[in-house]
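>>> okay, structure incoming, though there's no sequence with it:
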């Protein structure tokens, strides 16, 4: 089941950008691998997934809502989070909502499959594969701290990844460290 494996290395690498003891949303959280990881870092975590079995497993780590975010209303309307995490999930109509869910000073950590993946496995439908530079375009209102778009050898897959932050409300120059302290 999705969400039982280890946390994504990309999420682990950039989680330090989330302010300590903050609220974090994990979209399409599956069984909660990132919820567990982020809760262990001291964050208050919320997840959403449409699979009731996965939600039942993930609830041990935080608040988890069972909702079909592709066909139903966004369950977090008007809410923002210090961290929004998305891995192995793409629903293009939701991209603006995800970006808008990042609070001032918050971070979006996103990683999913990209065009080219159809040559090595699933997903292979263009609906589930990002076009070149698509995450950069979708996150234009945020500042990109890190971005990757390419082929990964183990396991073989084509991915796009971004860590992007929203400027804080103070107007002060902010420092986003490239590595955890």
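Structure's in. What do you need? As the structure is a computational prediction, the values presented were derived from the model and not from experiment.

>>> look up phi and psi at residue 50.
Dihedral pair for residue 50: phi -90, psi -10, per degrees, to the nearest 10.

>>> quick check: it touching residue 69?
Yes. If you go by C-beta atoms under 8 Å, residue 50 and residue 69 touch, sitting 7.1 Å apart. Glycine gets a C-beta too; all of them are placed from N, C-alpha and C.

>>> neighbour count winner among the two?
residue 69 (21 against 15; other C-beta atoms under 10 Å).

>>> give me the phi and psi for the more buried one.
phi -80, psi -10.

>>> report the contact partners of it.
By C-beta atoms under 8 Å, 6 or more residues apart in numbering, the residues touching residue 69 are 27, 28, 48, 50, 75, 91, 94.

>>> low pLDDT regions in this structure?
For the chain, applying pLDDT under 70 flags the ranges 1-4, 170-176, 180-181.

>>> hmm, back to that, now for the contacts of residue 69, which pair is the farthest apart?
Spatial extent of the contacts of residue 69 (C-beta to C-beta) is set by the pair 75 and 91 at 14.0 Å.

>>> looking at the two, which one has more neighbours?
Using other C-beta under 10 Å, the more surrounded residue of residue 75 and residue 91 is residue 91, with 16 against 13.

>>> nearest residue to the more buried one in space, please, no chain neighbours.
Nearest residue to residue 91 in three dimensions, chain neighbours excluded: residue 70, at 5.1 Å (C-beta to C-beta, 6 or more residues apart in numbering).

>>> got it, and residue 27?
Using C-beta to C-beta, 6+ apart, the nearest residue to residue 27 is residue 86, at 4.6 Å.

>>> then residue 144?
In space, residue 144 is closest to residue 164, 5.0 Å off (C-beta to C-beta, 6+ apart).

>>> now do the same end-to-end measure for stretch 106-123.
By C-alpha to C-alpha, to the nearest Å, the extent of stretch 106-123 from end to end equals 30 Å.

>>> could you do stretch 31-45 as well?
End-to-end distance (C-alpha to C-alpha), stretch 31-45: 13 Å.

>>> residue 37 reaches residue 10, doesn't it?
No. Contact status for residue 37 versus residue 10: not in contact, 11.8 Å apart, counting by C-beta under 8 Å.

>>> quick one, phi psi at residue 106?
According to degrees, to the nearest 10, residue 106 has phi -90, psi 180.
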